[in-house]
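> From the sequence below, what's the structure:
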Amino acid sequence: MSEATVLPRGLSAPAPARDGLDAPYWEAARRHELVVQRCRACGKFQWGPEWICHRCLSFDVAWQAVEPKGRIFSFERVWHPVHPALRDACPYVVLLVEIPAAGEIRMVGNLVGDARADVRIGDPVEAVFEDHLEADPPYTLVQWCRID
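Residues are numbered from 1 along each chain as shown. You can find the predicted model right below:
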């Protein structure tokens, strides 16, 4: 695992959906790249992954790399574990990150670093790619850290 590990052992490993819809996202994360969907017909970015465009209903949706930076739109500091594996991980901070380079779409992720530090709406953040190479199959999570 990388130094910026947030996910504790004991939780189920994330995996692409069986239908393959989000596989390009997970493959890009392994390359330490942030990708989101963008409609080729109307140009709208969207998250989460769908087979059709949320705006124009076109099926011509592709994956596009975007700058892995955003700003905190909202957050929650979690004090009570919702799974036994998270017992020693609390508190932790879950963010809703707005991505300016992707039409202001919003993604959820964990904040890396001191979970008791002050967190403010609008603070800039950038993606941190948390590798879990020991997993079978290996995977990478997209987490977030503050930009000073």
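
> all strands for this protein, in order.
Ranges of strands in the chain, per DSSP state E, are 35-39, 45-46, 61-65, 69-78, 92-99, 105-110, 124-132, 139-146.

> Quick one: closest of those strands to P16.
strand 139-146 (9.1 Å; CB to CB). To be clear about C-beta, it is placed using only N, CA and C from the backbone, and glycine gets the same treatment.

> Can I get that closest one in CSV, CA atoms only?
Only the C-alpha atoms of strand 139-146 are listed here, as CSV (Å, rounded to 0.1, in the frame of the first residue of the first chain):
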residue,chain,number,x,y,z
TYR,A,139,-6.6,-1.9,-7.2
THR,A,140,-6.1,1.8,-6.6
LEU,A,141,-8.4,4.2,-4.8
VAL,A,142,-8.8,7.8,-5.5
GLN,A,143,-8.5,9.8,-2.2
TRP,A,144,-8.0,13.5,-1.7
CYS,A,145,-5.5,15.7,0.1
ARG,A,146,-5.4,19.4,0.7
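
> got a list of contacts for that strand?
Outside strand 139-146, the residues within contact range by CB atoms under 8 Å, 6 or more residues apart in numbering are 4, 6-7, 13-15, 26, 29-30, 32, 34, 68, 70, 95, 97, 107, 109-113, 123-132.
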